[in-house]
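Peer 1: Following is a predicted model, sequence given first.
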Amino acid sequence: NAGVTQTPKFRILKIGQSMTLQCAQDMNHNYMYWYRQDPGMGLKLIYYSVGAGITDKGEVPNGYNVSRSTTEDFPLRLELAAPSQTSVYFCASIKRDTDTQYFGPGTRLTVL
Amino acid sequence: GESVGLHLPTLSVQEGDNSIINCAYSNSASDYFIWYKQESGKGPQFIIDIRSNMDKRQGQRVTVLLNKTVKHLSLQIAATQPGDSAVYFCAENHFGNEKLTFGTGTRLTIIP
């Protein structure tokens, strides 16, 4: 198993540009999560999904959108990038009936 | 609102000594707790977890202690090594909740 994978590893965007952060897991996990981590801070939940076709907002959803068309993939969309979205983004997943979240390696995004 | 917090943002320990990282939580319904280790430039990595029906759990060189009376959690790392240098996060959850709540993190530095 590759675990949780994220692409790209790094990205620089200009204000107003859009992009999609990719997240995939090959562990057949039901629950998937997107977090952002600002420098020196903890993790803040952006969106999560409990299964294909089901998504819900987390703590800081504004400026982001998600979709979950398959169990494996959970992309995060930024429509109009803003400097406040400069952060490291982590995707995570959990297998049903367990609580341990497994994290991907992260995407470092800079908006200039 | 509910929160999970850490007592100390940074901790420096001599190599070979034991480390203790503390975490306070405020949600009395919390029944599951996790410690994560995050090395520079990487995603959080699961270390050890504990459920509220236990007060101690041991892993390889790590021990988690849970004091439900004072809502306090600690991570003990025995015989610290340079590779233990990282940021350590505690996280909590409770039955029926699909989301973890993370603390801010403690940066552990091992002094050679």
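Peer 2: Noted; the coordinates are in hand. Fair warning: this is a prediction, and the values are worked out from it, not measured in the lab. Numbers count the residues shown, from 1 in each chain, chains lettered A, B, ... in the order given.
Peer 1: per-residue pLDDT, the residue of chain B at minimum distance from chain A?
Peer 2: At 3.6 Å from chain A, residue B:43 is the closest residue in chain B, using Cβ to the nearest Cβ. C-betas here are computed from N, CA, C, even on glycine. pLDDT for residue B:43: 91.
Peer 1: now swap in the one 4 residues further on and tell me
Peer 2: At residue B:47, the predicted lDDT confidence score is 94.
Peer 1: now residue B:65, which residues is it bridged with?
Peer 2: residue B:56, residue B:74 (DSSP bridges).
Peer 1: Contact partners for it?
Peer 2: B:55-56, B:73-74, B:76 (Cβ atoms under 8 Å, 6 or more residues apart in numbering or on different chains).
Peer 1: Now the residue nearest the centre of chain A. Nearest residue, chain neighbours left out?
Peer 2: Taking Cα atoms, centre = their mean as the criterion, residue A:34 is the residue nearest the geometric centre of chain A, at 3.2 Å. Residue nearest to residue A:34 in three dimensions, not counting chain neighbours: residue A:46, with 4.4 Å by Cβ to Cβ, 6 or more residues apart in numbering or on different chains.
Peer 1: can you tell me the helix or strand for the one you found?
Peer 2: Assigned by DSSP states H and E, residue A:46 belongs to strand A:43-51.
Peer 1: Extract the CA atoms of that strand and return them as CSV.
Peer 2: Presented in CSV, the C-alpha positions along strand A:43-51 are these (Å, rounded to 0.1, in the frame of the first residue of the first chain):
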residue,chain,number,x,y,z
LEU,A,43,-3.9,21.5,12.4
LYS,A,44,-7.2,23.1,11.4
LEU,A,45,-9.8,21.0,9.7
ILE,A,46,-11.1,22.4,6.3
TYR,A,47,-13.4,19.7,5.1
TYR,A,48,-14.0,16.0,5.7
SER,A,49,-15.9,13.1,4.1
VAL,A,50,-17.3,10.0,5.6
GLY,A,51,-17.7,8.2,2.3
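Peer 1: Tell me the residues of chain A that contact chain B?
Peer 2: A:4, A:31, A:33, A:41-43, A:45, A:48, A:50, A:56, A:58, A:90, A:92, A:99-106 (Cβ under 8 Å from any Cβ of the partner chain).
Peer 1: buried subset of the residues you listed?
Peer 2: With burial judged by 16 or more other Cβ atoms under 10 Å in any protein chain shown, the buried subset of the residues of chain A next to chain B is A:4, A:31, A:33, A:42-43, A:45, A:48, A:58, A:90, A:92, A:99, A:101-106.
Peer 1: Can you flag which of the residues you listed belong to strands?
Peer 2: Members of those lying in strands (criterion: DSSP state E): A:4, A:31, A:33, A:43, A:45, A:48, A:90, A:92, A:102-103.
Peer 1: check contacts around the residue of chain B closest to chain A.
Peer 2: Per Cβ under 8 Å, 6+ apart, neighbours of residue B:43: A:4, A:90, A:92, A:103-106.
Peer 1: For whatever helix or strand residue A:12 lives in, which outside residues touch it?
Peer 2: Using DSSP H and E, the element containing residue A:12 is strand A:10-13. Contacting residues not belonging to strand A:10-13 are listed as A:19, A:78, A:81, A:107-112 [Cβ under 8 Å, 6+ apart].
Peer 1: Can you name the element that comes right after it?
Peer 2: Next element after strand A:10-13 (DSSP H and E): strand A:19-25.
Peer 1: For that following strand, buried residues please.
Peer 2: By 16+ other Cβ under 10 Å, the buried positions in strand A:19-25 come out as A:19, A:21-25.
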